[in-house]
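**Student:** okay, structure incoming, though there's no sequence with it:
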Ligand SMILES: Nc1nc2c(c(=O)[nH]1)N[C@H]1C(S)=C(S)[C@@H](COP(=O)(O)OP(=O)(O)OC[C@H]3O[C@@H](n4cnc5c(N)ncnc54)[C@H](O)[C@@H]3O)O[C@H]1N2
Ligand code: MOO
Ligand SMILES: [Mg+2]
């Protein structure tokens, strides 16, 4: 009997996957390894930044009150009593009519409350002259102007990027508490699959999904264990899936999830006692995307068709993995774009079209990246976004406003909006 699958909406599928994510706890790692990880603790300013008043320019530290009345016709002169390079501090404070030569980043000496830029001075006897008054705090970098001690600067659950690393380094975090990162298992199923280095032979294709998924995980900094390729044989496939689940935190398989005679993933889930969350999503490509859970582990049964496989990963696997890692902004960022081509045929399923967005004088335009069936591989290579065409009874025409999901963005968003 032909199995009839009931499609669920994409938002519902995303919700189900996210509901079944289990964080793996916390670990402490060296700062140099923290890029791409998720903070398990907030960054709270341990001290003011900057931690002392400092000069933002190369010039002279002065008392602003000594500059009152300076003009072109009435140049005021200052006596230079010493020099302060960055990293040094003055021996003493300044008195009336005195100045320190000071460099960018150096601590302001006592009593000084303004800095005269080098370019604003003319050399004079024992020092320099100025032709304008300076107000208190002029050309001055104040202690705590960037961050104040005790301030919560970054929330726990935030992805660490190079700017976060700079902030952590500023506060002396040689080690950082981050969420543990899951290890992914990857298995490509299909009797038709050849290795990348193999010559083509009749009826066979090279495995492109396996290396693609490794790269999608690598882009997220997720370590993976590859279980290679497996021909469509139920017993052998079950054994390798079981082994992979035991050795990893979640498993991605590609292929074998539809209703073909050799699509064995549904039978494997059943044999292993995994609970299938869904096996049909109202989307194209990727309608056969199946997600199951076994214990606390997610099993992503991505479609064998390359575009469907890619899309299934971006929509479901990526946010789930970020959630497991404690990330609080796991979804692809999105924006509005003008549709660059007609899609007049209505579709009962929401379409995610591999597309290229670009900024033009007419605004952001998104155009399909080429052949866009679910078996397409060329358009995945060209696309930089997924163009979203919601299901319905009408088509879409060039010039309409549409949503696009950005691929490869380091920072995600907190809400699933589609
Ligand atoms: N009667 C029906 N047939 C199909 C349905 C359906 O609902 N009823 N769904 C179609 C849709 S939609 C898709 S998508 C595919 C999904 O198929 P599977 O996920 O079961 O994947 P396979 O059958 O194993 O392979 C599909 C396709 O992809 C190629 N493939 C597989 N693995 C790889 C790989 N690692 N690298 C590159 N290409 C791969 C494979 O050779 C097939 O051409 O089912 C439709 N059929
Ligand atoms: O799952 Mo299929 O990709 O909808 O074409
Ligand atoms: Mg199939």
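**Tutor:** Alright, I've got the coordinates. These numbers were taken from a predicted model, which means no experiment stands behind them. Ligands and ions are numbered 1, 2, ... in the order given.
**Student:** just give the nearest non-adjacent residue to the residue of the stretch 51-200 of the chain found nearest ligand 3, would you?
**Tutor:** Using Cβ to the ion, the single residue of the stretch 51-200 of the chain nearest to ligand 3 is residue 190, 8.4 Å away. (Glycine included, C-beta is placed from N, CA and C.) Excluding the flanking residues, the one nearest residue 190 by Cβ to Cβ, 6 or more residues apart in numbering is residue 255, at 4.5 Å.
**Student:** that neighbour contacts residue 187, doesn't it?
**Tutor:** No: using Cβ atoms under 8 Å, residue 255 is not in contact with residue 187; the gap is 9.2 Å.
**Student:** and the two? which has more neighbours close in?
**Tutor:** residue 255 (30 against 24; other Cβ atoms under 10 Å).
**Student:** what helix or strand is residue 277 located in?
**Tutor:** strand 275-278 (DSSP states H and E).
**Student:** run the chain-centre distance for that strand.
**Tutor:** 28 Å (Cα atoms, centre = their mean, to the nearest Å).
**Student:** stretch 36-44 too?
**Tutor:** 14 Å.
**Student:** could you do stretch 111-123 as well?
**Tutor:** Counting by Cα atoms, centre = their mean, stretch 111-123 comes out at 43 Å from the chain centroid.
**Student:** next: stretch 99-115.
**Tutor:** 40 Å.
**Student:** which residues touch residue 89?
**Tutor:** By Cβ atoms under 8 Å, 6 or more residues apart in numbering, the contact set of residue 89 is 107, 109.
**Student:** A strand includes it, no?
**Tutor:** No: counting by DSSP: H, G, I helix; E, B strand; the rest coil, residue 89 is not found in a strand; it is coil.
**Student:** for residue 145, see how far away residue 129 is.
**Tutor:** 30 Å (Cβ to Cβ, to the nearest Å).
**Student:** no wait, residue 367
**Tutor:** 45 Å.
**Student:** tell me which of those two has more neighbours.
**Tutor:** The neighbour count for residue 367 versus residue 145, taken as other Cβ under 10 Å, is higher for residue 367 (18 against 13).
**Student:** stretch 337-354: how far from the chain's middle?
**Tutor:** That offset, for stretch 337-354, works out to 26 Å (Cα atoms, centre = their mean).
**Student:** ok, and for that stretch, which residues are buried?
**Tutor:** Within stretch 337-354, the residues that count as buried by 16 or more other Cβ atoms under 10 Å are 337, 338, 339, 340, 343, 347, 349, 350, 351, 352, 353, 354.
**Student:** now, these that are in strands?
**Tutor:** 337, 338, 339, 350, 351, 352, 353, 354 (DSSP state E).
**Student:** so for the fifth one, what's the nearest residue that isn't a sequence neighbour?
**Tutor:** Leaving aside its sequence neighbours, residue 351 sits nearest to residue 389 (Cβ to Cβ, 6+ apart; 4.3 Å).
**Student:** please apply the same query to residue 300.
**Tutor:** Counting by Cβ to Cβ, 6+ apart, the residue nearest residue 300 is residue 252, at 4.6 Å.
**Student:** which residues sit in contact with that neighbour?
**Tutor:** Per Cβ under 8 Å, 6+ apart, neighbours of residue 252: 184, 185, 186, 187, 213, 300, 302, 313, 317.
**Student:** show the backbone phi and psi for the second one.
**Tutor:** In this case it means residue 185. Here is the backbone geometry of residue 185 (degrees, to the nearest 10): phi -100, psi 140.
**Student:** residue of the stretch 1-150 of the chain closest to ligand 1, please.
**Tutor:** residue 5 (7.4 Å; Cβ to the nearest ligand atom).
**Student:** pretty sure that residue contacts residue 280?
**Tutor:** Yes: with contact defined as Cβ under 8 Å, residue 5 reaches residue 280; the gap is 3.8 Å.
**Student:** which of the two has more neighbours?
**Tutor:** residue 280 (19 against 16).
**Student:** how much space separates the more buried one from residue 289?
**Tutor:** 8 Å.
**Student:** swap in residue 361?
**Tutor:** 38 Å.
**Student:** with residue 68 instead?
**Tutor:** In terms of Cβ to Cβ, residue 68 sits 73 Å off from residue 289.
**Student:** which of those two has more neighbours?
**Tutor:** residue 289 (27 against 11).
**Student:** so what's the residue count around the nearest residue to the more buried one once chain neighbours are set aside?
**Tutor:** In this structure, residue 289 finds its nearest non-sequential neighbour in residue 312, 4.1 Å apart by Cβ to Cβ, 6+ apart. A count of nearby residues for residue 312, using other Cβ under 10 Å, gives 31.
**Student:** how about residue 104?
**Tutor:** For residue 104, using other Cβ under 10 Å, the count is 14.
**Student:** what of the one 3 residues further on?
**Tutor:** Each residue near residue 107 was counted by other Cβ under 10 Å, and the total is 20.
**Student:** bridged to it, which residues?
**Tutor:** When assigned by DSSP bridges, residue 107 has beta-bridge partners residue 54.
**Student:** what's the burial count for the residue in the chain that ligand 1 sits nearest to?
**Tutor:** Here the chain gets closest to ligand 1 at one residue, residue 304, 2.5 Å apart by Cβ to the nearest ligand atom. Neighbour count of residue 304, defined by other Cβ under 10 Å: 26.
**Student:** quickly find the element holding it.
**Tutor:** Per DSSP H and E, there is no helix or strand for residue 304.
**Student:** make residue 1 into 46 and carry on from there
**Tutor:** Sure, I'll start numbering at 46, so the last one becomes residue 349.
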